[in-house]
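Peer 1: quick one: sequence plus predicted model below, questions after.
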Amino acid sequence: MSELARVSVRADMPYDVLLGRGLLDDVAKALPATVARVAVIHPPALATQVSRVAKGLQSANLGVVDIEVPDAESAKTAEVAANCWAVLGQAGFSRSDAVVSVGGGATSDLAGFVAATWLRGVAVVHVPTTLLGMVDAAVGGKTGINTGEGKNLVGAFHSPAAVLCDLDALSTLPHADLVAGMAEVVKVGFTSDPVILEIVERDPVLALDVDGVELPELIERAIRVKAAVVSADFRESKPGGLGREVLNYGHTFAHAIEQVENYRWRHGDAVAVGLAFASSLARLAGRLSESDTVRHRAVLTAVGLPSTYAAGRFPELLKAMRIDKKARGDQLRFVVLDAIGRPGLLEGPGLDLLEAAYAEVSEVQS
């Protein structure tokens with residue numbers, strides 16, 4: 001095992017996020033000492049990674065229960081969660097047992113929710129195998145599943161015992177998924193750490209090289225930003241100021257795209273378009289400069305992310321945005337920027353402003 005960085009998160013139950021190589025073999029070390037059995041929740045495509053995790057757990061004399069779940073957002077349903085609970089119940093899982101997630105962001109969202117709700121809370125360790133999972137979904141202690149009405153509308157805050165980000169897992173990640181994960185990296189570059197943008201702009205190809213030095217630095221920087229935000233406002237309840245809500249930059253529009261597309265879009269791709277939309281919204285509201293808006297699109301394009309969405313679907317998107325978790329009553333709220341690194345809130349923008357921003361990210365389908 002080679003540990004490159006350790007980032008502490010001060011939440012309800014403090015925990016560490018480890019970044020390194022060879023971490024898949026040492027998951028047992030991250031579990032509480034009282035754990036006797038572990039349920040490993042994972043999608044079907046990760047047999048090699050799951051085998052390594054299970055072997056390490058068994059070597060530590062821990063019992064392993066395998067729970068295979070659907071891939072991506074298909075896993076985040078009440079039916080899949082109920083099946084996981086049934087397996088835990090049939091195995092007699094107690095509060096001295098634990099859950100381990102191995103997979104992308106959707107897997108950690110589901111597994112975290114299962115852990116949070118089984119016996120009102122058992123330990124969970126996340127082992128994200130995607131870039132998006134490493135920098136976003138696995139880190140903040142938010143868990144959830146989707147409903148027909150929207151994304152992540154049912155969930156709980158539940159701190160993991162640890163998060164193990166094994167860079168070796170990225171070597172087999174499809175390039176499209178690696179690119180999609182960069183959306184969450186550049187997001188915090190725009191809101192909190194402009195050095196991230198500078199690294200990407202200097203050489204976008206090297207920024208995506210899983211064997212290079214730039215990508216680990218980008219991942220560590222993104223994790224540190226999220227850890228600091230989560231530590232200051234774990235439950236997104238900080239009075240006054242933006243707090244944890246800053247992490248939702250680009251997400252109101254992104255979640256609407258995901259729902260309208262029935263979750264066929266990658267989360268990162270939707271976030272990328274959401275970032276472009278939010279930058280247009282801020283510029284049209286007189287908050288963000290033209291040059292910073294252009295920079296959004298340039299950075300997204302440089303790493304291969306989309307910045308446009310189909311024209312003619314505004315009514316569907318608006319309906320989806322109105323039930324977003326960030327809305328308050330019938331008032332929409334958007335995280336926007338007043339400059340790079342200066343996030344703020346735009347509350348209750350008019351319909352004309354929303355339509356104008358949508359027009360700027362729309363593309364006419366041939």
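Peer 2: Structure's in. What do you need?
Peer 1: now Tyr69. Nearest residue, chain neighbours left out?
Peer 2: I think there's a mix-up here, since residue 69 is Val and not Tyr. Ala75 (4.4 Å; Cβ to Cβ, 6 or more residues apart in numbering). C-beta: built from backbone N, CA, C; applies to glycine.
Peer 1: wait, isn't Arg221 in contact with Asp193?
Peer 2: Yes: assessed by Cβ atoms under 8 Å, Arg221 is found in contact with Asp193 at 5.4 Å.
Peer 1: how about Val17, secondary structure?
Peer 2: What DSSP: H, G, I helix; E, B strand; the rest coil gives for Val17 is strand.
Peer 1: that one and Asp166, how far apart?
Peer 2: 12 Å (Cβ to Cβ, to the nearest Å).
Peer 1: can you list the domains in the chain?
Peer 2: Here the domain assignment for the chain is 2-172, 176-363, based on automatic domain parsing.
Peer 1: what would these look like in CSV with mean pLDDT and mean neighbour count?
Peer 2: Listed next are these as CSV, based on pLDDT from 0 to 100; neighbours: other Cβ atoms under 10 Å:
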stretch, mean pLDDT, mean neighbour count
domain 2-172, 94, 20
domain 176-363, 94, 19
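Peer 1: quick one: the strands in the stretch 251-366 of the chain?
Peer 2: Using DSSP state E, counting those that start in this stretch, the strands of the stretch 251-366 of the chain run over residues 309-310, 333-339, 342-347, 362-363.
Peer 1: can I get the ones you listed in JSON lines with distance to Ser108?
Peer 2: What follows is the strands of the stretch 251-366 of the chain, written out as JSON lines (distance: least, Cβ to Cβ, whole Å):
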{"stretch": "strand 309-310", "distance to Ser108": "26"}
{"stretch": "strand 333-339", "distance to Ser108": "23"}
{"stretch": "strand 342-347", "distance to Ser108": "25"}
{"stretch": "strand 362-363", "distance to Ser108": "32"}
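Peer 1: out of those strands, flag the one nearest Leu57.
Peer 2: The minimum distance between Leu57 and the strands of the stretch 251-366 of the chain falls on strand 333-339, with 39.3 Å, by Cβ to Cβ.
Peer 1: report the distance from that closest one to the chain centre.
Peer 2: Distance of strand 333-339 from its chain centroid, counting by Cα atoms, centre = their mean, to the nearest Å, is 19 Å.
Peer 1: now do it against strand 342-347, angle only.
Peer 2: 140 degrees (axes from the mean of the first three to the mean of the last three Cα atoms, to 10 degrees).
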